[in-house]
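Colleague: model the structure of this input:
(4 chains)
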Protein chains: 4
Amino acid sequence: MTIELRSDNAASVSPSILEAMAAANSGSALAYGGDEVTARLEEHVREVFEHPTARVFPVLSGTAANALSLSALTPPWGAVVCHESAHILTSEGGATSLLSAGAVMTGVAGEGYKVAAPALRTHLDGVRWGDPHHSQPSVLSLTSPSDHGTVYSAAEISELAAIARERGLRVHLDGARFANAVVATGSAPADLTWRAGVDVLSLGATKNGALSAEAIVCFTDGPADELVYRTKRSGHVTSKMRYQSAQLIAYLTDDLWLRNARNANERMGELAAGLESLGIELVARPAVNMVFVRLDPLLADALEAAGVLFYRLDGLARFVTSWQTSADDIATALAAVRSALG
Amino acid sequence: MTIELRSDNAASVSPSILEAMAAANSGSALAYGGDEVTARLEEHVREVFEHPTARVFPVLSGTAANALSLSALTPPWGAVVCHESAHILTSEGGATSLLSAGAVMTGVAGEGYKVAAPALRTHLDGVRWGDPHHSQPSVLSLTSPSDHGTVYSAAEISELAAIARERGLRVHLDGARFANAVVATGSAPADLTWRAGVDVLSLGATKNGALSAEAIVCFTDGPADELVYRTKRSGHVTSKMRYQSAQLIAYLTDDLWLRNARNANERMGELAAGLESLGIELVARPAVNMVFVRLDPLLADALEAAGVLFYRLDGLARFVTSWQTSADDIATALAAVRSALG
Amino acid sequence: MTIELRSDNAASVSPSILEAMAAANSGSALAYGGDEVTARLEEHVREVFEHPTARVFPVLSGTAANALSLSALTPPWGAVVCHESAHILTSEGGATSLLSAGAVMTGVAGEGYKVAAPALRTHLDGVRWGDPHHSQPSVLSLTSPSDHGTVYSAAEISELAAIARERGLRVHLDGARFANAVVATGSAPADLTWRAGVDVLSLGATKNGALSAEAIVCFTDGPADELVYRTKRSGHVTSKMRYQSAQLIAYLTDDLWLRNARNANERMGELAAGLESLGIELVARPAVNMVFVRLDPLLADALEAAGVLFYRLDGLARFVTSWQTSADDIATALAAVRSALG
Amino acid sequence: MTIELRSDNAASVSPSILEAMAAANSGSALAYGGDEVTARLEEHVREVFEHPTARVFPVLSGTAANALSLSALTPPWGAVVCHESAHILTSEGGATSLLSAGAVMTGVAGEGYKVAAPALRTHLDGVRWGDPHHSQPSVLSLTSPSDHGTVYSAAEISELAAIARERGLRVHLDGARFANAVVATGSAPADLTWRAGVDVLSLGATKNGALSAEAIVCFTDGPADELVYRTKRSGHVTSKMRYQSAQLIAYLTDDLWLRNARNANERMGELAAGLESLGIELVARPAVNMVFVRLDPLLADALEAAGVLFYRLDGLARFVTSWQTSADDIATALAAVRSALG
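Modeller: Predicted coordinates for the structure are as follows:
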């Protein structure tokens, strides 16, 4: 028997999402997003985000959502400013450079894997604006939650977005785990996005119960008008889009997305508290569903032998909970730690 | 009540494919293709294609399959030679130029929407090889079935591929409806592909009963080695790949793919025979599941009013059957034609 | 002794242009176009083109001028519409696709190697506007003179540009031999460009007496604002730009460009008349400095043996005169023909 | 009267180079590098670099030389590893990302603006090789002299290249001021390049007396074969290439390149010694023709008022000498400093 704590990507699909797909599976429907399920999705998103003209592009991976969003926000000679640990910079194989025709990424520093306002300001002050020898900062991209489980508050996003917009940058939010951030901050989706100055959101669902469904949500029309073409010519318009849209509707219906995320965050809370009480050092108290801890290698080996799955990254152990993790899973994992320590 | 004859893209998903996805939905699995379902898929494909080292990359749209395949077969300064009506040239929004960093498409002529051997030869003879002023033909891409429902025989593919390979070109087959071609020709999948000289196949499934699942099948290692990176950086590696792989396994199991295609082809045979017997002029006798006919506009209007759905393209009416079309559907459609003519 | 009639590219540099470069060679000057010679160039161009805000980007090859111009006029999902024989389509190795991130070229037909208004209209009427499956026509690019020596009148450019602009396309003129067109038409530079609806001109000088100097001339600001960055990041901003600007100023001063072109056109007139009077069939009466003729292969061999240099292209012989061709050269060449015929 | 110490880019052209261009200006010659001057250039380069099969591509800017070289050395999913201050990373507007179809740059640390061997090793050890989420290091690019005037010894290049090659990277040397490095190190050109493991060199000439002439020198055939196409389709094959080749031949003839560089280096030595003796703090003792110093702002203003031209960058003053700087210039500049201090 194994306890899966490697990645929320490893979880399976929420039953009600699979059911929604099955329910969409009747009759015929126009391909490439011309169906009425996709039309309804846009209404749902507008309601959830309290934004009457938001536009939605379902895509199939977080990398697609991010790289396409950014390609519609930056000119080819632009620079995407992000935290030096940002997923778009470290883990997407150069996707944004490809899809934007050569825009570059610039990492800036900040505690907690979050862009620090003074670092952003200093960076932007040092740019030679208008000098074509130098890539021109064009987008601020924030990742929340970060790949280390930290979260920006609505106020932090607002402050950073304001600094960026002052210098003409547009703002992107990589929300691969956006639901976990909504739950963690208790803020309205609108407050974490457009009301804080975000132009385009990569709204993840796959890590939180969907099958293969992410959505690009545009709060301004310019990027959306481009994405009509950019999604197609990068192969990201599926012919049977209704099945993706059905997933996303089910995801947003009856707060499934928030219930799933809440489970993941709460289970992580239990895990982190349990580990701490057993004397394991956390790199940081987890805000969402992810924790990094320092584990003795022997302990790590023993845990794995006991069937607790996790990742070893850069000398640390990473544990991630998901919508599917149960309180029993956590209890079992903690028992395994206890027994290994004994 | 409507009869869907617009596109096989409009059909829904084969029940056994949905069931396979549900069956895959248990426990956790490594993301990004590291799961055992994806490993099994490769075995299935190797068996079906009688090729011990074929490699498979599940993607989510035909455009992705084609543009990625071609990007791994051509240098950026290359030219992809195809029929002047090829889907990759007319209907993918420039995807191949984007993903290949600027390769171009060259359309050559040929009856029946198929590249003619003499036209191909003439074209290649006229190239200034090695002169960088001129894009260098690097890939021959054949579409079978074509977007007009015609099909290359194994012998035709062999002949064209041989001409291409003589000049150093590699060979790609756009098989968005490959199953329909297998059924129509009665040839083994291997005979229509690698035994005929094809390096890479875009194997479609979505139009023939899958949800969102196409596969790039590489019969040589060079392109496959590149696709490891090219799929990721274009956003085409899904984290929950097991659900795509499960679709494709179900598709290839117990000949589902051929049974689905056979139904579509046979229903089209009935439709075409029926239309002809009613005096409607076919542009060509259909080889697979698609026919173009000349319809009087008034007749077309009457048909649509009777609930028969089809496309009007360039002054013609296009009818497409799918795995889901029933003999009753065809009978009903023909009755509507008869009544409209009456 | 040889008579050079292969290409105007093979000619050497006008003495006054070399002198201008030597004259610029004193003292120091800011690099990358920050010098005062480059500033003066813009004034010259504005005067010659009677346009108070035209902006100029010196570059070093015609391919650079064209591909950069087009990359600033089209979105990546656009299609550049041009004559099917256009140099940008046939002879620039896919440069525009590279620099525009994947825009495609669409050739339309027309007599005399010129886009025909009805063909353009038909093409644009057939486009599925707004449908991302299909590249969206975004620029009309005219080549005048064409690579076959034909020329558009100001009225023709106006008519075509008007058709294009109606559908939202912008207009580019590939004027690699623009001076020859000005001389041939007798029209003002402004009448052949912005007054006729041209947004951006590739103004060639290299084939007509300059060393390595072409200029992108923008009559609207949008493309110019982009070219500040696009020229740099493609490596087309030279540090010692003053030497290019000096060439271009000398070129435009005292009508040197028109005097050079007039010589080339007139010598070609003499050659064509002479060939015709000797019974050689011209493919078309030359408008500028280029003629294609049908030559018996034995005659062609004899001519070459006599030192007359020309190109054999697609079964024809091409003769090109330049600013440097003298009346004696033509007389000698004609004598060689006469003697070979004898 | 002014003393130009802003940039060697601001210098004019060596008389013998202008003369060589004038000498090339007779008769006609095949365009696009098909001329015999360009053929001779390759022989010169092979001799100077003691390499019998080196291949040469004249281009017109350092950015073109670097970005084209790198695009022929890296796959699109690669990462170019360089010092975090490298010109290719900070000052070329993303050119390499554009021309390589999205390769990225990774800056590593090191004293003296030079990649440190341990930092390189650590970086390469940390890479997840073969994992497409992560850009794969493919080229090591060294800049010598750096933009801060420091120089790699032949031994240092060898050591770094060996580390790189062990992991499959190829090696590029950005030699925008290569002649200054040859003079400073006293090493043979071959020892600083191919004998040390360099595959491709960007050989600058423009900053050291040429008009607009850089050369890509390939010591291996793979990149050269690609550059035939890559130079053309980026607009970097000039039609009258003989004038560039003539410059480069003159540059390499009778050690002009080394004499020019020696003058620049020696004048800088005088300047630096003089400044130091006047109590000005040098950031580092200059190895070549460039020094950064800390200047009191009032002193800086006074110097400028006295006609001494230099740049203020990041709180420092940068002085650069050139082939054209005379001992009198240095004496005058130092006198101005002395008088401003007094």
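
Colleague: and the residue in the stretch 101-250 of chain A positioned nearest to chain D, which of the three is it?
Modeller: Minimum separation of the stretch 101-250 of chain A from chain D (C-beta to the nearest C-beta) falls at residue A:102, amounting to 3.6 Å. Where you see a C-beta, it was placed from the backbone N, CA and C, and this is true even at glycine. Secondary structure, DSSP: H, G, I helix; E, B strand; the rest coil: residue A:102 is coil.

Colleague: and for the one 5 residues further on?
Modeller: Each residue gets one of three states, and residue A:107 gets strand by three-state DSSP.

Colleague: measure the residue of the stretch 101-250 of chain A closest to chain D to chain C for me?
Modeller: 7 Å (C-beta to the nearest C-beta, to the nearest Å).

Colleague: that residue: what's it in contact with?
Modeller: A:76-77, C:101, C:233, D:94, D:97-99, D:101-102 (C-beta atoms under 8 Å, 6 or more residues apart in numbering or on different chains).

Colleague: and for the most centrally placed residue in chain A, nearest residue in space, chain neighbours not counted?
Modeller: In chain A, the C-alpha nearest the mean C-alpha coordinate belongs to residue A:176, at 1.5 Å (C-alpha atoms, centre = their mean). Of all residues not flanking residue A:176 in the chain, residue A:204 sits nearest, at 3.8 Å (C-beta to C-beta, 6 or more residues apart in numbering or on different chains).

Colleague: doesn't residue A:63 make contact with the one you found?
Modeller: No. Between residue A:204 and residue A:63 there is no contact under C-beta atoms under 8 Å: 11.0 Å.

Colleague: picking that back up, may I ask which of the contacts of residue A:102 has the most neighbours?
Modeller: residue D:97 (32 neighbours; other C-beta atoms under 10 Å in any protein chain shown).

Colleague: could you say which helix or strand contains that one?
Modeller: Residue D:97 is part of helix D:95-99, with elements assigned from DSSP states H and E.

Colleague: separation between the residue lying closest to residue A:178 once chain neighbours are set aside and residue B:32?
Modeller: Closest residue in space to residue A:178, ignoring its immediate chain neighbours: residue A:203 at 5.4 Å, by C-beta to C-beta, 6+ apart. Using C-beta to C-beta, to the nearest Å, one obtains 20 Å as the distance from residue A:203 to residue B:32.

Colleague: chain B: which of the contacts of residue A:102 is nearest?
Modeller: residue D:101 (3.5 Å).

Colleague: would you enumerate the residues in contact with the closest residue to the closest one other than its chain neighbours?
Modeller: In space, and not counting its chain neighbours, residue D:101 is closest to residue B:101: 3.5 Å by C-beta to C-beta, 6+ apart. Residue B:101 makes contacts with B:71, B:76, C:98, C:102, D:76, D:101-102, as judged by C-beta under 8 Å, 6+ apart.

Colleague: save those as CSV, and put in pLDDT and distance to residue D:252 too.
Modeller: CSV is the format used below for the contacts of residue B:101 (pLDDT from 0 to 100; distance: C-beta to C-beta, whole Å):
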residue, pLDDT, distance to residue D:252
B:71, 98, 40
B:76, 96, 32
C:98, 95, 31
C:102, 93, 40
D:76, 96, 34
D:101, 94, 33
D:102, 93, 35
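
Colleague: out of the residues you listed, which one sits closest to chain A?
Modeller: Checking the contacts of residue B:101 against chain A by C-beta to the nearest C-beta gives residue D:102 as the nearest, at 3.6 Å.

Colleague: ok, residue A:75 touching residue A:138?
Modeller: Yes. Contact criterion C-beta under 8 Å: residue A:75 and residue A:138 qualify, at 6.2 Å.

Colleague: ok, the longest strand seen in chain A near chain C or not?
Modeller: In chain A, with assignment by DSSP state E, the single longest strand is strand A:136-143. Yes. Counting by C-beta under 8 Å from any C-beta of the partner chain, chain C has neighbours in strand A:136-143: residue A:136.

Colleague: show me what that strand is packed against.
Modeller: Counting contacts by 3 or more C-beta pairs under 8 Å, 6 or more residues apart in numbering or on different chains; DSSP states H and E, strand A:136-143 is packed against helix A:62-71, strand A:78-83, helix A:87-90, helix A:117-125, helix A:154-166, strand A:170-175.

Colleague: still on that earlier bit, neighbour-wise, which of residue A:204 and residue A:63 wins?
Modeller: More neighbours surround residue A:63 than the other of residue A:204 and residue A:63, with 29 against 25 (other C-beta under 10 Å).

Colleague: which residue sits closest to that one, ignoring its sequence neighbours?
Modeller: Nearest residue to residue A:63, sequence neighbours excluded (C-beta to C-beta, 6+ apart): residue B:235, at 4.2 Å.

Colleague: and residue A:162, by the same measure?
Modeller: Of all residues not flanking residue A:162 in the chain, residue A:197 sits nearest, at 6.3 Å (C-beta to C-beta, 6+ apart).

Colleague: pull the contacting residues for the one you found.
Modeller: Neighbouring residues of residue A:197 by C-beta under 8 Å, 6+ apart: A:157-158, A:161-162, A:164-165, A:171.

Colleague: ok, the closest residue to residue A:172 other than its chain neighbours - how many residues close by?
Modeller: Closest residue to residue A:172 apart from its sequence neighbours, by C-beta to C-beta, 6+ apart: residue A:141 at 4.3 Å. Here the count is done by other C-beta under 10 Å, and residue A:141 has 29 residues near it.

Colleague: contacts only, for residue A:141.
Modeller: Contact analysis of residue A:141 by C-beta under 8 Å, 6+ apart lists A:66, A:70, A:80-82, A:86, A:88, A:171-174.

Colleague: redo that, cut-off 10 Å
Modeller: Listed by C-beta atoms under 10 Å, 6 or more residues apart in numbering or on different chains, the contact set of residue A:141 reads A:66, A:69-70, A:73-74, A:80-83, A:86-89, A:96, A:105, A:115, A:164, A:169-174, A:200, A:202.

Colleague: so which residues on the stretch 51-200 of chain A come close to chain C?
Modeller: Proximity of the stretch 51-200 of chain A to chain C (C-beta under 10 Å from any C-beta of the partner chain) is limited to residues A:71, A:75-78, A:98-102, A:130-136.

Colleague: if you set the cut-off to 7 Å instead, what comes out?
Modeller: Where the stretch 51-200 of chain A comes near chain C, counting by C-beta under 7 Å from any C-beta of the partner chain, the residues are A:76-77, A:101, A:132-133.

Colleague: can you list the residues you listed in CSV and add distance to residue B:252?
Modeller: Below are those laid out as CSV (distance: C-beta to C-beta, whole Å):
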residue, distance to residue B:252
A:76, 41
A:77, 46
A:101, 38
A:132, 53
A:133, 54
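
Colleague: and these, which two are the farthest apart?
Modeller: Farthest-apart pair in those is A:101 and A:133; separation 18.3 Å (C-beta to C-beta).

Colleague: related to what we said a few turns ago, now do the helix holding residue D:97: which elements does it pack against?
Modeller: Using 3 or more C-beta pairs under 7 Å, 6 or more residues apart in numbering or on different chains; DSSP states H and E as the contact test, the elements touching helix D:95-99 are helix D:62-71.

Colleague: what residues sit buried inside the helix it packs on?
Modeller: For helix D:62-71, the neighbour count (16 or more other C-beta atoms under 10 Å in any protein chain shown) marks D:62-71 as buried.

Colleague: hmm, back to that, most packed of the helices and strands packed on strand A:136-143?
Modeller: Across the helices and strands packed on strand A:136-143, averaging neighbours per residue (mean count of other C-beta atoms under 10 Å in any protein chain shown) puts helix A:62-71 on top, at a mean of 29.

Colleague: before we move on, the earlier item: who has more neighbours, residue A:203 and residue B:32?
Modeller: Set residue A:203 next to residue B:32 and count neighbours by other C-beta under 10 Å: residue A:203 wins out with 29 against 19.

Colleague: if anything else comes up later, I'll come back, but that's it for now.
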